[in-house]
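Engineer: Sequence and computational prediction follow.
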Amino acid sequence: MKQAITFSVESHRFLGPDGQPEGDLPPLAEDKDALHALYRNMVLTRLYDERAIALQRTGQIGTFASSLGQEAIGAGVGHAMRPEDIIIPSFRENGALLFRRFRIRDLLLYWGGDERGMANPELGDDFPICVPISTHTTQAAGVAFAVKYRKQPRVVVCLLGDGGTSKGDFYEAINLAGIWHLPLVFVINNNQWAISVPRAIQTQSETLAQKAIAAGIPGLQIDGNDALAVRHYVAEAIETARNGGGPTLIEALSYRLCHHTTADDATRYRSDEELQAHWKLEPVARLKRFMIGRDMWSEAQESELIRQCKEEIEQEVRHYLDSEPPKPTSMFDSLYAELPDELRAQRQSLVGKESNND
Amino acid sequence: MTDITLVEAVNLALMREMERDPEMVVLGQDIGINGGVFRATVGLLEKFGSERVLDTPLAENMIAGAAVGMAAQGLHPVAEIQFMGFIYPTIDQMVSHASRMRNRTRGRITCPMVLRAPYGGGIHAPEHHSESTEAMFAHIPGLRVVIPSSPTRAYGLLLAAIRNPDPVVFLEPKRIYRLMKQAVEDNGEEFPLDTCFVLRPGSDITLVSWGAMLHETQQAAEQLAGEGIDAEVIDLATIKPIDMQTILESVGRTGRCVIVQEAARTCSVSAEIAARLAEEGLMSLFAPIRRVTGYDTVMPMFRLEGHYMPDTARIVQAVKQTMEFA
């Protein structure tokens, strides 16, 4: 018998749950500005999530997906990307989107049931939030093909969840990324839960990272609650891709401390013990402890940061709440570049009903 | 100008547009060195190279998804699905993304892609190679669905589909891929989308069809002419959106209409046309609208496909029944 192939999957982290370094740290650990930017994004994201849930509970937005406990993934990915790179998000990457040009008012518009939330021209080529699971992964390959075709030094980053790795779309996408050697980084937020389905019954595979092996691309696992690890390894993968080194799959281990969405009740399917155990691993406190331990952060700075973030969020909430209601006819106006004749009559019938609309 | 077949016209249009438009790429299974299983992409790889002529892994959903991503970046991908029977994995991408991208970003990101596939029965192909499920795509807001029925229209309509700023599903009636030859001038001129073509003017009855069935429909019209019935034949060509003006104008003159399609009957394109005639043209009708269609059965394997597909006799019979109304 000859071994056809053997493989191994690396797993990385720099900071333990208590914020203490484990082994050598990357230069990033000394970069106070970078750490502050990461931390600010995580705090902003957590406060935004909290505020958005309150808005949902009071009927001011629709169903909302929080990223509680997974803030380091969004922050690390968002910080690692260059402005000209392209993000292809799922729906639980609030922090990453805030690092891009998505504004809180845009995200609230979207969750408030308004297409304009994904319309801000400032967003450039960044994709809108994708709801049907993993359907954006093959698109990410197409986008990455386009930037490669045009020889642009840009990288595409596609985010998905652990549940998304069970879909054919995901396999098809990583397979194509490998064959076409695309400038594409997949980051899996393995938060252990796909609504009520735990990771254990999502796949028999020991890691999600090893799925990359079958596609012939590098796959690695990182502690997704360690912002340093996320920022470092995602940046490394992005720069590899930018330099023609092809795609990478990163599995970021985290935990969904929130319900799936505001429409979900996680107490139906998971124990409080499990939840409490994972609170001890959460990413915001971890980075804070690390920074305080190195005299890079203080409680005074913390209070000021929270005040600033809350102020920013309230301003954005006011923008959202003050936004003009969408015109009913807008459902026709971006359907095609030019509205076909047969739809003109339908549009006109809506205009007739809503006399205040053009 | 040489006489060419419909599939050669498809090839000519692809060739022409790739020369003109450096943002155009083609992708699909076996489209490179093999030139496509029907040879629609023959010669493209040699001429434009593997950067632009992309043999993909065997995954239809991925082909559509990658095309959405390419189009979102402003490329003009033309994706081939080998047979319509294998097109269903693409529906998720076409419904959830291709058709919606412009709308859900209010025009920030668009999707100028073409999804091509040979469709329809009558070539004694294996199971799953003969369906006509164009109505599934016609139901999706935000898409266009185009079906040529001759070499000249295949050339002009495919150019229009590729240049259209929105996603187009372009279905090629493979039974007539090589049935006829026409002189096609390779002048790069597109035909209008959203417009019917009147193939035969007539005054007694309007026959509406598309794709391969126009062959039988035109034969029926010739036969009926010998019996003193002057049928107007309309090629729907773009089945979404439907050019009802041309049909209503014709039926306004003839007062009678038979719709001929290969697809199963219920919730089909013929149902839509009949409904709109009832809504907007009822007063000009002298007789009930009749439909000659495939049955609401599973498309049979090829031993029975001849019984399934409408033929000239069924069309003639439907026309005669319609003419019986005074």
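Structural biologist: Nice, I can see it.
Engineer: Dihedrals phi and psi, residue 304?
Structural biologist: You didn't say which chain, so I picked chain A. Dihedral pair for residue A:304: phi -70, psi -40, per degrees, to the nearest 10.
Engineer: The chain in question should be chain B.
Structural biologist: Reported as degrees, to the nearest 10, the phi and psi values for residue B:304 are phi -110, psi 0.
Engineer: okay, now residue 166: neighbour count?
Structural biologist: Defaulting to chain A. As a burial measure, residue A:166 scores 20 neighbours (other C-beta atoms under 10 Å in any protein chain shown). To be clear about C-beta, it is placed using only N, CA and C from the backbone, and glycine gets the same treatment.
Engineer: The intended chain is chain B.
Structural biologist: Residue B:166: 23 neighbours (other C-beta under 10 Å).
Engineer: Just list the residues touching it, thanks.
Structural biologist: Contacts of residue B:166 were listed using C-beta atoms under 8 Å, 6 or more residues apart in numbering or on different chains, and they are A:336, A:337, B:102, B:110, B:111, B:112, B:142, B:143, B:144.
Engineer: hmm, 6 Å instead?
Structural biologist: By C-beta atoms under 6 Å, 6 or more residues apart in numbering or on different chains, the contact set of residue B:166 is A:336, A:337.
Engineer: do the same with residue B:171
Structural biologist: B:117, B:119, B:134, B:147.
Engineer: now swap in residue A:216 and tell me
Structural biologist: residue A:178.
Engineer: now do 10 Å
Structural biologist: Going by C-beta atoms under 10 Å, 6 or more residues apart in numbering or on different chains, residue A:216 touches A:174, A:175, A:177, A:178, A:179, A:181, A:246, A:247.
Engineer: Near chain B, list only the ones from those residues.
Structural biologist: Under the cut-off given by C-beta under 10 Å from any C-beta of the partner chain, chain B has A:175, A:178, A:179 from these close to it.
Engineer: Pull up the gap between residue A:84 and residue A:183, please.
Structural biologist: 12 Å (C-beta to C-beta, to the nearest Å).
Engineer: More neighbours: the two, which one.
Structural biologist: Set residue A:84 next to residue A:183 and count neighbours by other C-beta under 10 Å: residue A:183 wins out with 28 against 12.
Engineer: which residues touch the residue lying closest to residue A:197 once chain neighbours are set aside?
Structural biologist: Distances taken as C-beta to C-beta, 6 or more residues apart in numbering or on different chains place residue A:163 nearest to residue A:197, at 6.7 Å, with adjacent residues excluded. Residue A:163 makes contact with A:90, A:133-134, A:170, A:188, A:190-191, A:193-195, A:197, A:199, A:202-203, A:260, according to C-beta under 10 Å, 6+ apart.
Engineer: which of these are buried?
Structural biologist: Applying 16 or more other C-beta atoms under 10 Å in any protein chain shown to these, the neighbour count classes A:90, A:133, A:134, A:170, A:188, A:190, A:191, A:193, A:194, A:199, A:202, A:260 as buried.
Engineer: Please flag which of those sit within helices.
Structural biologist: residue A:170 (DSSP state H).
Engineer: For the buried ones among the contacts of residue A:163, which two are the farthest from each other?
Structural biologist: Between any two of these, the greatest separation by C-beta to C-beta is 19.0 Å, found for A:170 and A:260.
Engineer: Residue B:308 contacts residue B:265, correct?
Structural biologist: No - the pair residue B:308 / residue B:265 is not scored as a contact, 11.6 Å apart, by C-beta atoms under 10 Å.
Engineer: buried residues in the helix or strand hosting residue B:70?
Structural biologist: For residue B:70, the host element (DSSP states H and E) is helix B:60-72. Buried residues in helix B:60-72, defined by neighbour count with 16+ other C-beta under 10 Å: B:60-72.
Engineer: tell me the pLDDT at residue B:2?
Structural biologist: On pLDDT, residue B:2 comes in at 85.
Engineer: check contacts around it.
Structural biologist: B:8, B:12, B:181, B:182, B:183, B:184, B:185, B:186.
Engineer: Just the buried ones from the residues you listed?
Structural biologist: Buried subset of the contacts of residue B:2 (neighbour count, 16+ other C-beta under 10 Å): B:8, B:12, B:182, B:184.
Engineer: for the strand or helix carrying residue A:50, packing partners?
Structural biologist: Per DSSP H and E, residue A:50 falls inside helix A:32-57. Counting contacts by 3 or more C-beta pairs under 10 Å, 6 or more residues apart in numbering or on different chains; DSSP states H and E, helix A:32-57 is packed against helix A:71-80, helix A:94-99, helix A:104-111, helix A:227-242, helix A:283-293, helix A:299-322.
Engineer: quick one: which of the ones you listed is nearest chain B?
Structural biologist: Minimum separation from chain B across the helices and strands packed on helix A:32-57 (C-beta to the nearest C-beta) falls at helix A:104-111, 9.4 Å.
Engineer: got the CA coordinates for that closest one in PDB?
Structural biologist: Output in PDB follows, covering the C-alpha atoms of helix A:104-111 (Å, rounded to 0.1, in the frame of the first residue of the first chain):
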ATOM      1  CA  ILE A 104     -24.700  52.200   9.800                       C
ATOM      2  CA  ARG A 105     -27.500  54.200   8.100                       C
ATOM      3  CA  ASP A 106     -27.100  52.000   5.000                       C
ATOM      4  CA  LEU A 107     -27.200  48.800   7.000                       C
ATOM      5  CA  LEU A 108     -30.200  50.000   9.000                       C
ATOM      6  CA  LEU A 109     -31.900  50.900   5.700                       C
ATOM      7  CA  TYR A 110     -31.300  47.400   4.400                       C
ATOM      8  CA  TRP A 111     -32.500  45.600   7.600                       C
END
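Engineer: now that helix: mean pLDDT?
Structural biologist: Confidence for helix A:104-111, expressed as mean pLDDT, is 98.
Engineer: Tell me the helix or strand right after that helix.
Structural biologist: In N-to-C order, the element after helix A:104-111 by DSSP H and E is helix A:135-149.
Engineer: Quick check: can you list the domain ranges of the chain?
Structural biologist: Just so you know, I chose chain A. Chain A breaks down by automatic domain parsing into domains covering A:11-326, A:328-358.
Engineer: was after chain B, sorry
Structural biologist: If you go by automatic domain parsing, chain B breaks into B:3-183, B:197-323.
Engineer: start to end distance for the first one?
Structural biologist: End-to-end distance of domain B:3-183: 4 Å, with C-alpha to C-alpha, to the nearest Å as the criterion.
Engineer: can you check stretch B:115-134 too?
Structural biologist: 12 Å.
Engineer: Buried by neighbour count: which residues of that stretch qualify?
Structural biologist: B:115-123, B:125, B:129-134.
Engineer: repeat for stretch B:27-46
Structural biologist: Going by neighbour count (16+ other C-beta under 10 Å), the buried part of stretch B:27-46 is B:27-32, B:35-42, B:44-45.
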